[in-house]
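Visitor: Please find the sequence and the predicted model below.
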Amino acid sequence: ILADDIGYSDVGAYNEYISGIDPVLPTRNINRLAQEGMMFTDAHSPAALCAPTRYSAMTGNYPYRSRVPGGVWGSYAVSAVLPGQTPIAATMKAVGYRTAFFGKWGFGAEWYDDSGNIIAPEFDDTTVDVAAGIARGGPVDQGFDYSFNLPSGIQHSPYAYFENNDWYPLSIDSVIEPLSAATHEPLGSVRDGKKGDSEYDSRDAGPMLASKAVAFIDDHLQTHPDSPFLLYYSSQAVHVPHTPSESLDGQPVQGATGISAHADLIHELDLQVGAILSKLELEGILDQTLIIFTSDNGGLDKPETLANGHDSNLGLRGKKGSIHEGGHRVPFIVRWPGVVVPGSLSDQTILISDWVATMYDMLGIPMGSGDALDAVSILPVLAGLQDENDPIRDRFIVQAGACCGDTAIRDGDDILIYNYGIQIEFYNLASD
């Protein structure tokens, strides 16, 4: 489960761990994962921005190894995954897993123009025939048997859903058309003139993605009862626009926290996690399932949220997009009955992309020459075989966001920040 823009202390269990008091924004379902699994206190995204991290989380490689070393691309760009690099979904599919993707894709893909030619015009959708669907480079071309996705989440065009490569019309009256920021509801939820489904409503994204994920589990158990599955759930929450749904599974969302729309979306994310947990539990397979929860980068600093008592990056300097820890230190929780000790804590320094190497290790299969080059297996940590005083990884690199700006190298407690190759800041995190 990959959340979007969820900070280190957006999860109630982390907030309480840092502050020692009950959080104003409890996340009961995500907290359950922590109570019944292992909570990592020093996990980081490889970038403080979503697109480059998503590449790393699928390949186990640093963002600079992608097609776009700077790390940002639009919905209509050629896939960031280069030839010779194998997404972990394709690896798991090859060894018998049925694989499914739900939510924000964020890798780029190629499309059709009005004449049926395959094109990739970066951020420009004027020449794209969105209704014709994804031509190549989408989830089904990167190892997923099934996909229900928003190519760029809810923040950019196309404002439409795709089932596998096909456009998924939201009603029989749906058409793909340029949407108006001034009139499309909810106001401010789309970029003016950008293409989308005429019936698109960003408030519906969370409930729709959760219901599709639950439906996949149902279908899998009926049609492939003897096969394992990989469900990669990439939530739209809590990226802007902050347009929480009215409810999810009968539970109020909009206005439920009394804090802000941003906080309501954190609550909605928790309900999405709860819907998946409930389905696994109902089917009797929750305790046979390895669950990982994390985020693509650090949290936001929304004034209304802060004013009403919730800090997404409590105790950390910076926020999403920052090279300081608030930009890339994230929650990382693993629930794995029979392997992970319930309620355990690890201070091991890890990257969220280390899950890729962990899957190779768990499955006992060799990596390709272009795969998981910058990931380490945390399986020994999960299984209690690694001494906490023996680091599982020596060092890592993290980038602030797009292009060639702030980057940092962390080695133990030392972190060196540089900009365009010029050293600009140095800290020892044990003392500062």
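Guide: Perfect, I can see it now. Numbering: from 1, shown residues only.
Visitor: how close does residue 371 get to residue 59?
Guide: 7 Å (Cβ to Cβ, to the nearest Å). All C-beta spots, glycine's among them, are computed from the backbone N, C-alpha and C.
Visitor: Same question for residue 237.
Guide: Distance from residue 237 to residue 59, by Cβ to Cβ: 24 Å.
Visitor: Make sure I have this right: residue 266 is in a strand.
Guide: No - with DSSP: H, G, I helix; E, B strand; the rest coil as the criterion, residue 266 is assigned helix and is not in a strand.
Visitor: how about it, what does it touch?
Guide: 6, 10, 25, 27, 237-238, 257 (Cβ atoms under 8 Å, 6 or more residues apart in numbering).
Visitor: Can you lay out these as CSV showing distance to residue 339 and pLDDT?
Guide: Below are these laid out as CSV (distance: Cβ to Cβ, whole Å; pLDDT from 0 to 100):
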residue, distance to residue 339, pLDDT
6, 25, 98
10, 26, 98
25, 30, 97
27, 24, 98
237, 28, 97
238, 30, 97
257, 34, 98
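Visitor: any idea which of these is closest to residue 208?
Guide: Of all the contacts of residue 266, residue 237 has the smallest distance to residue 208: 12.4 Å, by Cβ to Cβ.
Visitor: sec struct for that closest one, please.
Guide: Classified using three-state DSSP, residue 237 is coil.
Visitor: check which helix or strand covers the nearest residue to it once chain neighbours are set aside.
Guide: Distances taken as Cβ to Cβ, 6 or more residues apart in numbering place residue 269 nearest to residue 237, at 3.9 Å, with adjacent residues excluded. Here residue 269 sits within helix 261-282, counting by DSSP states H and E.
Visitor: again, but for residue 9
Guide: Residue 9 belongs to no helix or strand, assigned by DSSP H and E.
Visitor: any chance you could map the helices in the stretch 301-432 of the chain?
Guide: 303-307, 354-363, 379-382 (DSSP state H, counting those that start in this stretch).
Visitor: what distance separates stretch 54-73 from the middle of the whole chain?
Guide: The chain centre lies 14 Å from the centre of stretch 54-73; the measure is Cα atoms, centre = their mean, to the nearest Å.
Visitor: Stretch 287-305 now?
Guide: 8 Å.
Visitor: what about it, how long is it end to end?
Guide: 35 Å (Cα to Cα, to the nearest Å).
Visitor: buried sites along it?
Guide: Of all the residues in stretch 287-305, those buried under the rule 16 or more other Cβ atoms under 10 Å are 289-302, 305.
Visitor: Cross those against helices and list the overlap.
Guide: Assigned to helices by DSSP state H, the following of these qualify: residue 305.
Visitor: which two in the buried residues of stretch 287-305 are spaced the farthest apart?
Guide: The most widely separated members of the buried residues of stretch 287-305, counting by Cβ to Cβ, are 289 and 301 (34.4 Å).
Visitor: quick one on the thing from earlier: can I get the contacts of residue 266 in a markdown table with neighbour count and distance to residue 148?
Guide: Below are those laid out as a markdown table (neighbours: other Cβ atoms under 10 Å; distance: Cβ to Cβ, whole Å):
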| residue | neighbour count | distance to residue 148 |
| --- | --- | --- |
| 6 | 31 | 21 |
| 10 | 33 | 25 |
| 25 | 24 | 28 |
| 27 | 26 | 24 |
| 237 | 30 | 16 |
| 238 | 29 | 20 |
| 257 | 23 | 27 |
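Visitor: Distance check, the residue lying farthest from the centre of the chain against residue 129.
Guide: Farthest-out residue of the chain from its mean C-alpha position, per Cα atoms, centre = their mean: residue 115, at 34.4 Å. Here residue 115 is placed at a distance of 9 Å from residue 129 (Cβ to Cβ).
Visitor: try residue 112
Guide: 5 Å.
Visitor: Quick one: residues contacting residue 169.
Guide: Counted by Cβ under 8 Å, 6+ apart, residue 169 has contacts 197, 199.
Visitor: okay, it: pLDDT?
Guide: Residue 169 is assigned 98 on the pLDDT scale.
Visitor: Same question for residue 361.
Guide: On the pLDDT scale, residue 361 gets 97.
Visitor: show me the contacts for the residue nearest to residue 362 when sequence neighbours are not counted.
Guide: Nearest residue to residue 362 in three dimensions, chain neighbours excluded: residue 379, at 5.9 Å (Cβ to Cβ, 6+ apart). Listed by Cβ under 8 Å, 6+ apart, the contact set of residue 379 reads 358, 361-362.
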